[in-house]
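Visitor: The following comprises the amino acid sequence and a computationally predicted model.
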Amino acid sequence: MPTPIANMVNFLKAYVVATDSLRTEEINPLSQQFVSEVLVNTTNLAAATYYYPSTAGAAMAGFKDCSFDFYMVGGAGTTLTITVEATSNIVTPYWHDVTPAGYELVTNATGAASFIAAPAGTSQGILDYDELDANLIRLKLVVAGGALNTVVFYMRRKAL
């Protein structure tokens with residue numbers, strides 16, 4: 001049990017004479033709670049469907065916003081298509097395409113059904129999902145055609 005003297009010492013530690021106020025501080029500020037990660041940075045993926053960070057997706061627990069930075073180059077005969085999927089069901093996930101809900105910062109638009117790098121073409125941008133009310137999220141990449149391609153994806157989840 002704190003003594004009256006201990007309480008007075010703690011009070012004096014928080015008192016700021018210059019402003020005649022008590023100082024308070026946030027020990028773990030929400031503005032500093034974020035996770036940035038490289039999902040993939042590779043070339044020459046074979047024709048298939050890939051999920052990043054995995055088929056199970058990334059947990060949004062403790063985070064409310066998520067963004068994806070993507071850069072894709074489709075080689076000769078290769079088409080790359082990405083969509084974003086999310087679910088709130090963590091027991092038996094039923095994945096839903098939420099790509100149109102993302103705000104694409106480079107083009108300043110929403111509503112895109114997918115992002116495509118056509119053969120010998122490039123697609124890049126940043127998809128932002130604010131106030132995403134989902135338990136899991138993932139990026140789906142479909143590689144069609146050849147295996148000449150470059151894929152770079154980053155993900156950032158933040159609490160504030």
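Guide: Perfect, thanks for sending it. Everything quoted here is computed from the prediction, not taken from an experiment.
Visitor: use CA for all of it now, contacts and neighbours both
Guide: OK.
Visitor: Contact partners for Tyr123?
Guide: Slight slip there: residue 123 is Ser, not Tyr. Residues in contact with Ser123, defined by Cα atoms under 8 Å, 6 or more residues apart in numbering, are Phe70, Tyr71, Met72, Val73, Phe115, Ile116, Ala117.
Visitor: which residues of the chain fall in helices?
Guide: 4-14 (DSSP state H).
Visitor: lowest confidence element among the helices and strands of this structure?
Guide: helix 4-14 (a mean of 63; mean pLDDT, DSSP states H and E).
Visitor: Find the nearest non-adjacent residue to Phe153, please.
Guide: Setting aside the residues directly before and after it, Phe153 is nearest to Phe70 in space (Cα to Cα, 6 or more residues apart in numbering), at 4.6 Å.
Visitor: what's the pLDDT at that neighbour?
Guide: Reading off the confidence values, Phe70 has pLDDT 96.
Visitor: what do you get for Pro2?
Guide: Residue-level pLDDT assigned to Pro2 equals 63.
Visitor: what pairs with the residue nearest to Phe153 across the strands?
Guide: Gly125, Phe153 (DSSP bridges).
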